[in-house]
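S.K.: Structure for the following, please:
(2 chains)
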Amino acid sequence: MPLALNVNGAVCPLPEDLDPSTPLLWVLRDTLGLVGTKYGCGQGLCGACTVHLNGQPMRSCVLPVAAAAGSRITTIEGLDPAGAHPVQKAWCELDVPQCGYCQAGQIMSAAALLAKNAAPDDAAIDAAMAGNLCRCGTYLRIREGIKRASALAAGGKEAVS
Amino acid sequence: MKTSSSLGRRRFLKLSGLAGAGLVLGSYLRFTGDAFAIEVRGAAEAAPAGARLGAFVRIAPDGRVFIAAHVPEIGQGVRTSLPMIVAEELEVDWRSVTVEPVPLDRAFSRQSAGGSNTTPANFLPLRRAGATARVMLVEAAARTWGVPAAECRAESGAVVHTPTDRRLGYGELVALAATLPTPPAESVPLKDPRDYKIIGRRIGGVDNPSIVTGRPLFGIDQTLPGLLHAVYVKCPVFGGKVVSADLDAVKKLPGVVDAFVIEGTRNLNGLMPGVAIVAKSTWAAFQARRSLTVTWDEGPRANDSWDGLVREAREALGRPGQQTPRNEGDVTVAIAGAAKTVEAEYVYPFLGHTNLEPQNCTAHFRDGALELWAPTQNPGGGQRMIAETLGLAPEKIRVNITRIGGGFGRRLESDFMVEAAAIAMKVAAPVKLAWTREDDMRHDHYRPGGVHRLRGAVGQDGALLAWDARFATFGNVSGRPGSGAGISGNEFPAHFLRDYRQEMSVLECGIPMGYWRAPGSSTLAWVTQCFFDELAQAAGADPYRYRLKLLENPLQPKPPRGGFDPGRMRGVLVDAAERAGWDGPALPRGRGRGIAFYFSHRGYFAIVAEVTVSPAGALTVDRVVASGDVGSPIVNPSGADNQVVGSVVDGLSAAWVQSDDVKDGRVVAGNFDAHPILRMPAAPKVVEVRLIQTDNPPTGLGEPALPPLAPAVCNAIFAATGKRVRSLPIASVDLSWS
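M.R.: Model (predicted):
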């Protein structure tokens, strides 16, 4: 019985010969063509591959695809394809990215944080974001971006997914 | 395998309504209602062709403006800032602009991103490019109306006949304009900076909407029909060669298409020997390499170690330097007669770049021609290396430049491009070479380590009298320092002291070296500005005023060739000290302020750092105040601020936690557990940036803010604890106090 994944609200059958131990990251990127989720370390150390599994931030580079089957997977492409999620809007408004490579992971971690803590303080932000490396050093704007996203969400116009 | 992945993908996309897959830069998003409202469209999107007015500007009949972004984007913001310059002089609304990626093309004079050169090299030429197109559009309107061009003006993407208020949009004019003779670039009138509407505005990165929605942008995101995936396994010891490899076993593994040895060259920065594995997916290639058995000839460098190199360096420092970049006055006499002398050794390790996007490159060889999709800072260099190494004519090598997940100098090297090219030439399909993180950390071109021995002398009155420095550095060739490993005779405080000597010896080693953000400067600033602090202490002087006093007394009234303008440096130093509250209430034990300045890449920066060190030695960087002078205007203040804050965090990360140890001829660390990057909780709580806009031409910001960070922090640690940090990284130094 071939595996299927539930990604961004869609059921995606996977090739029969796919090795079930393949990390979810590579299935997203190479099999499904969803390249927004990034490879950085392959060991769950950098956070560039962060996706949501049933709303929880997970490192897809160390998660075998078989273990993700049956869960609701959300990638950066599915957070809001139009870019209207408060975190996405805040990131553009504050011009957070530099090279941008880590930002999909940062955004997914930030969105997961705001989903359970609508108004995080600095300590909560630092704790939730400590697993996401940024080589360019955008951490200060990320902190501001999360606060701005929190304010945008509190404005009631946008719902946090 | 009936269920092809592409079928699965199409179905998936249809079901989910996403367009996240695709070739390149096909994004189309509209964000409205905020200051960063910009529309981004990629070149792949069908747009009316319109006509081209010079290499940079294309205007569609509907008035949309396409501006070429010719310099690689590594996070320094040039895909946004350079088109802003063109758009300003062209007189168009930023909203009507689409930034187009362009491949390596002789139409553009310089397409590398390095040395903070992009802004100074492009500011005037791009103003002229925009103004030339504007002049041609105005002329086209004047001819259409049969009126003098002097009666017409350009505004918001249209030409207006002032006396009659008639108006024609650029889209209506471009076909005629394109047939007119191009005026000489030097002849076109440029706007008065007071009339700038785009330059000087905070404008968000043009790729931000694509970044936050996960669209394909980066080198590693490239896909092509029938794409295969490759890894390339090199000898863990630098310079080693393949003796034999068990290719047959690897070829039998699931998903593996081919495996072969590439003989390579002896160029440590080029195509090194190795084994290529080509597979149907990245993961299949990564898995296959775990099973690969290779017998290596490790070559003559298998015993190299950092500890050994430091021992060699210390021996060399006991002898006069092989070279003497500067020898002014008589330091020996000056030091012998001085009231106080200070001696110290400063040492810093080799250091990799660890771009978050590991090295990768996509290549397709067909019909005798090669096409690449490369995250490269140096597309021309890559093309040259491929041509020379693989015997292809440069015109047979097309280089598409992708967005880049971090540059920092690593991607000025072209090893990953020539590897992808060599693999693609043996495979009848497009191939994406992806390095693993471990490949990336262990086959970098490292920032050179170094050991400095310094002596300084201070007079009875506290005046700085003499500076005598000896530097042991490294190169791959005897006598020639590696990239960023040298020192010049202009190193501070040259040009400020009558008795000054700088010597250098270059030790041969096998570790590949490459430019690392602010090459040379990033380490030399730490050495010189920390040792200067030691001399201020010996003089019993305030470290800020001791610096200021020296800057007020240059040996020559005009900045010497290779030196810097002391007036501009005083400007940033005073500004940083005042904004930081240098003369404010003294800080309690365990807290301290440190100051440093540095000139590099034409930019002037001073930094004050405030730190807390717990009695157990735990460091916190509480606040960083940075003042810079990179001339004026600041093209994009949002991007400029990002570069300075990023340099502060990057400089702190490198100085505090990073090093690359070498043992048995190889780099030890393979991933972020052993080679960390600073994480958010350790980032400074506050970074305050001010750019003083002096009446000097604008210069680059990718690098010059970084060098003074490390010495400012180390000097602050001394102020807090009384402990000097004389070896990096700071994390390896015991900072505890009681």
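S.K.: contacts, neighbours, all on C-alpha from now
M.R.: Will do.
S.K.: after whichever strand or helix holds B:A142 comes which helix or strand?
M.R.: Counting by DSSP states H and E, the element that carries B:A142 is helix B:118-145. Downstream of helix B:118-145, the first helix or strand assigned by DSSP H and E is strand B:152-155.
S.K.: any idea of the mean pLDDT in the following helix or strand past that following strand?
M.R.: Next in sequence after strand B:152-155, counting helices and strands by DSSP H and E, comes strand B:158-161. For strand B:158-161, mean pLDDT is 98.
S.K.: Please put the alpha-carbon coordinates of strand B:158-161 into PDB.
M.R.: Extracted as PDB, the C-alpha positions of strand B:158-161 are listed here (Å, rounded to 0.1, in the frame of the first residue of the first chain):
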ATOM      1  CA  ALA B 158       5.200  59.500 -18.600                       C
ATOM      2  CA  VAL B 159       6.400  62.500 -20.500                       C
ATOM      3  CA  VAL B 160       4.400  65.700 -20.100                       C
ATOM      4  CA  HIS B 161       4.500  68.600 -22.500                       C
END
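S.K.: list the helices and strands that strand packs on?
M.R.: With contacts taken as 3 or more Cα pairs under 8 Å, 6 or more residues apart in numbering or on different chains; DSSP states H and E, strand B:158-161 sits against helix B:118-145, strand B:152-155, strand B:166-169.
S.K.: go with 6 Å
M.R.: Secondary-structure packing of strand B:158-161 (3 or more Cα pairs under 6 Å, 6 or more residues apart in numbering or on different chains; DSSP states H and E): strand B:152-155, strand B:166-169.
S.K.: Nearest to B:A288, out of those?
M.R.: B:A288 sits nearest to strand B:166-169 of all the helices and strands packed on strand B:158-161, at 58.9 Å, using Cα to Cα.
S.K.: How far does the very next helix or strand once past the closest one sit from its chain's centre?
M.R.: For strand B:166-169, the following helix or strand on the C-terminal side (DSSP H and E) is helix B:170-177. Here helix B:170-177 is found 39 Å from its chain centre; the criterion is Cα atoms, centre = their mean, to the nearest Å.
S.K.: immediately after helix B:170-177, which helix or strand?
M.R.: Once the chain leaves helix B:170-177, the next helix or strand it forms, by DSSP H and E, is helix B:208-212.
S.K.: ok, then the element right after that next one?
M.R.: Using DSSP H and E, the helix or strand that follows helix B:208-212 in sequence is strand B:228-234.
S.K.: Can you list the strands that that following strand pairs with?
M.R.: Looking at strand B:228-234 with DSSP bridges, its partner strands are strand B:274-279 (antiparallel), strand B:431-434 (parallel).
S.K.: quick one: contacts of it?
M.R.: Strand B:228-234 has contacts (Cα atoms under 6 Å, 6 or more residues apart in numbering or on different chains) with B:274-282, B:431-434.
S.K.: mind listing what B:R724 touches?
M.R.: By Cα under 6 Å, 6+ apart, the neighbours of B:R724 are B:F718.
S.K.: again, but for B:Q529
M.R.: B:A596, B:P711.
S.K.: hmm, 8 Å instead?
M.R.: By Cα atoms under 8 Å, 6 or more residues apart in numbering or on different chains, B:Q529 lies in contact with B:A596, B:F597, B:P708, B:P711, B:A712.
S.K.: Save the residues you listed as a markdown table, and put in secondary structure too.
M.R.: Listed next are the contacts of B:Q529 as a markdown table, based on DSSP: H, G, I helix; E, B strand; the rest coil:
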| residue | secondary structure |
| --- | --- |
| B:A596 | strand |
| B:F597 | strand |
| B:P708 | coil |
| B:P711 | helix |
| B:A712 | helix |
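S.K.: restrict those residues to those near chain A?
M.R.: With the criterion set as Cα under 8 Å from any Cα of the partner chain, no member of the contacts of B:Q529 is near chain A.
S.K.: quick one: secondary structure of the spatially most central residue of chain B?
M.R.: For chain B, the residue nearest the mean C-alpha position is B:F408 (3.4 Å; Cα atoms, centre = their mean). At B:F408, secondary structure determined by three-state DSSP is coil.
S.K.: That one reaches B:R517, doesn't it?
M.R.: Yes: using Cα atoms under 8 Å, B:F408 is in contact with B:R517, at 4.8 Å.
S.K.: hmm, back to that, pick the most buried one from the strands paired with strand B:228-234.
M.R.: strand B:431-434 (a mean of 29; mean count of other Cα atoms under 10 Å in any protein chain shown).
S.K.: Please enumerate the helices of chain A.
M.R.: A:24-26, A:65-68, A:76-79, A:86-93, A:103-116, A:122-129, A:139-154 (DSSP state H).
S.K.: go on, the stretch 551-700 of chain B?
M.R.: Secondary structure of the stretch 551-700 of chain B (DSSP state H, counting those that start in this stretch): helices at B:566-580, B:637-657.
S.K.: Touching the shortest one from outside, list them.
M.R.: Defining contact as Cα under 8 Å, 6+ apart, one finds that helix B:566-580 is touched by B:544, B:548, B:551-552, B:554, B:559, B:595, B:597, B:599, B:604-608, B:625-629, B:692.
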